[in-house]
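> Predicted model and sequence below, questions to follow.
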Amino acid sequence: MYAVPSIFVGLGFRNRWSPLKLILVPTLALAVTTIITLLASMSVMSVNLQTSLQSIEEEIQNAFIETVKQQSLPPEQTELYIQQIQASLVQIKRMIVTYAFCAFAVTSYILARFTAYIAKRTNNPVQPLPAISSWQIPVWTAGVLAVGLIIIYGSSFVGIHNELLTTVGMNIALFGAFACGLNGIASLLGILEGYGVSRVLKNYYYSFLYVMMPVSLVTFGVMDMFLDLRSRFNQRGY
């Protein structure tokens, strides 16, 4: 499954593709090979895809529910948590396409970094990948996020209740949020590096933000797109 994306990564380094193309092409290749592998496996094992996915969904949901029930919480609070879990799983299922694309993109980036590391260790240097702190995500991704939010909440506001339209809006908004969140990570990393913050503290800080306040990373990313916060800190001599 990873053979074809790896070939494209190697081809990209050899032909000195731009960083965006170097990540995007293997991402698309990984998406295609994953689908083909999944369908081929289901065909060989004579397994119904829809039934298998429903079974996996039920197992995951039951595992979460069982974990909540083991917390010895009041019945009302337990029921509330169970409802929240069920609602979250429904939302994840509706946005599975974008979640998968984001996961494939992260995997392709890790694959590219690993390839560059191996090439360097074997005295076959390749073009260096830009440091995360130097990433500048295009400002139009903030517009993508805005369009997604408008579709989700605007359609409901004007009285259009279409599940398909809402699902499309959710996926568009998730893609925009992912891109803006990456820019937020890059911006904060650049600022923290400027202040000489240690790697351990940076990792702790990002873990805290990602787990507790992921929306803050998206917000900071959007602010950096329009206000160029890194340049402002540079001008102050950080």
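Sure, I can see it.
> what about stretch 157-176, average pLDDT?
What stretch 157-176 shows for mean pLDDT is 89.
> Okay, buried residues for it please.
Neighbour-count burial for stretch 157-176 flags Thr166, Thr167, Val168, Gly169, Met170, Asn171, Ile172, Ala173, Leu174, Phe175, Gly176 (criterion: 16 or more other Cβ atoms under 10 Å). No exception for glycine: its C-beta is placed from N, CA and C like everyone else's.
> check contacts around the residue nearest the centre of the chain.
In the chain, the residue lying closest to the centroid (Cα atoms, centre = their mean) is Cys102, at 3.9 Å. By Cβ atoms under 8 Å, 6 or more residues apart in numbering, Cys102 lies in contact with Leu174, Phe175, Phe178.
> Three-state assignment for the last one, please.
On the three-state scheme (DSSP: H, G, I helix; E, B strand; the rest coil), Phe178 is labelled helix.
> Would you format the contacts of Cys102 as JSON lines with distance to Leu189 included?
Compiled in JSON lines, the contacts of Cys102 are given as follows (distance: Cβ to Cβ, whole Å):
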{"residue": "Leu174", "distance to Leu189": "22"}
{"residue": "Phe175", "distance to Leu189": "22"}
{"residue": "Phe178", "distance to Leu189": "17"}
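> Let's see which of the buried residues of stretch 157-176 end up in strands.
If you go by DSSP state E, those have nothing in strands.
> Nearest to Pro5 among the residues you listed?
Distance ranking of those against Pro5, using Cβ to Cβ, places Phe175 first at 19.9 Å.
> Please list all residues in contact with that closest one.
Thr98, Phe101, Cys102, Thr141, Val144, Gly148.
> One more: Phe104?
Per Cβ under 8 Å, 6+ apart, neighbours of Phe104: Thr27, Leu30, Ala31, Thr34.
> Please, which helix or strand holds it?
Applying DSSP states H and E as the criterion places Phe104 in helix 96-121.
> One more: Asn124?
Using DSSP H and E, no helix or strand contains Asn124.
> Now do it: how many residues are near it, please.
10 (other Cβ atoms under 10 Å).
> gap between it and Tyr2?
Distance, Asn124 to Tyr2, using Cβ to Cβ, to the nearest Å: 20 Å.
> Am I right that Ile65 is in contact with Gln84?
No - using Cβ atoms under 8 Å, Ile65 is not in contact with Gln84; the gap is 10.9 Å.
> ok, these two, which is more surrounded?
Using other Cβ under 10 Å as the criterion, Ile65 and Gln84 rank with Ile65 on top: 15 against 12.
> so who does the more buried one touch?
Ile65 neighbours (Cβ under 8 Å, 6+ apart): Ile82, Ile85.
> Tell me the buried residues in the helix or strand encompassing it?
Applying DSSP H and E as the criterion places Ile65 in helix 49-69. Buried residues in helix 49-69, counted by 16+ other Cβ under 10 Å: Gln61, Phe64, Val68.
> try stretch 108-116
Buried, per 16+ other Cβ under 10 Å, within stretch 108-116: Ser108, Tyr109, Leu111, Ala112, Thr115, Ala116.
> Go through the residues you listed and name the one nearest Asp224.
Tyr109 (19.7 Å).
> measure that closest one to Val197 for me?
For Tyr109 relative to Val197 (Cβ to Cβ), the value is 23 Å.
> hmm, back to that, between the buried residues of stretch 157-176, which sits nearest Ser41?
Using Cβ to Cβ, the buried residues of stretch 157-176 come closest to Ser41 at Asn171, 25.5 Å.
> wait, what's in contact with that closest one?
Arg94, Met95, Val97, Thr98, Gly148.
> And for Pro214?
Applying Cβ under 8 Å, 6+ apart to Pro214 gives the contacts Gly181.
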